[in-house]
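Peer 1: from the sequence below, what's the structure:
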Amino acid sequence: MSTKLTPFSYVVLVLVGEGGAGAHDLVRMMREGQYVFWAAATSQWYAEPKRLAELGYLRAERAPGRTHERTHYTLTDAGREALREWLAQPSAFTRIQCEPVVRLLGSEYADREAVLASLESLRAPLQETYEALDRLVEVGASLPHRAAVIAVNHRFARRLLDAHAAWLEEAEEALSGRADR
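Peer 2: Model prediction:
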């Protein structure tokens with residue numbers, strides 16, 4: 001087992017926070033906040049808190065669940081210290097992996113109508129993500145100790161979604177010949 005903390009480790013530590021969380025809570029948060037958390041397999045959201053507990057960054061306690069006992073994690077002093085040190089380091093610029101950008105760039109190799117149809121499939125998930133963000137704004141209000149920073153993050157997420165929507169419009173115009181090249 002690696003003892004190294006990864007960027008994903010810090011995501012887990014921050015989400016566990018002072019109130020604690022179970023792995024099932026982390027999976028729910030990941031699904032609700034999919035616009036900012038990079039795609040990690042669901043299994044990783046279960047494995048990482050367990051690994052962090054084994055390393056002493058989280059405390060694991062069994063707690064009653066709806067149908068059976070669940071593991072509930074809380075930060076340890078070592079976890080808080082790791083977060084303090086990590087938060088003091090310079091932030092890296094966000095990496096963006098955007099498959100549709102590559103599809104547009106490679107559109108010369110396919111029928112433009114096929115690429116347009118491919119890009120059109122982005123509309124439904126984009127709308128669903130806007131709706132999920134609207135629901136998360138309400139959740140953020142229920143966490144008063146994080147309300148201000150959650151609001152900043154939600155505005156950032158909305159701007160990202162707006163940028164995706166604007167890019168999609170421009171891409172469709174370019175592929176349909178409605179825009180200058």
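Peer 1: burial count for residue 61?
Peer 2: Neighbours of residue 61 under the rule other CB atoms under 10 Å: 13. Glycine gets a C-beta too; all of them are placed from N, C-alpha and C.
Peer 1: the one 10 residues further on too?
Peer 2: Residues contacting residue 71 under the criterion other CB under 10 Å number 17.
Peer 1: and the strand or helix carrying residue 11, what's buried?
Peer 2: In this structure, residue 11 is located in helix 7-16 according to DSSP states H and E. Going by neighbour count (16 or more other CB atoms under 10 Å), the buried part of helix 7-16 is 9, 10, 11, 12, 13, 15, 16.
Peer 1: what's near enough to touch the last one?
Peer 2: This points to residue 16. With contact set as CB atoms under 8 Å, 6 or more residues apart in numbering, residue 16 has these partners: 26, 49, 58, 73, 74, 75, 79.
Peer 1: let's see it at 6 Å
Peer 2: 73, 75 (CB atoms under 6 Å, 6 or more residues apart in numbering).
Peer 1: then the second one?
Peer 2: For residue 10, the residues meeting the contact criterion (CB under 6 Å, 6+ apart) are residue 86.
Peer 1: I appreciate the help and will end here.
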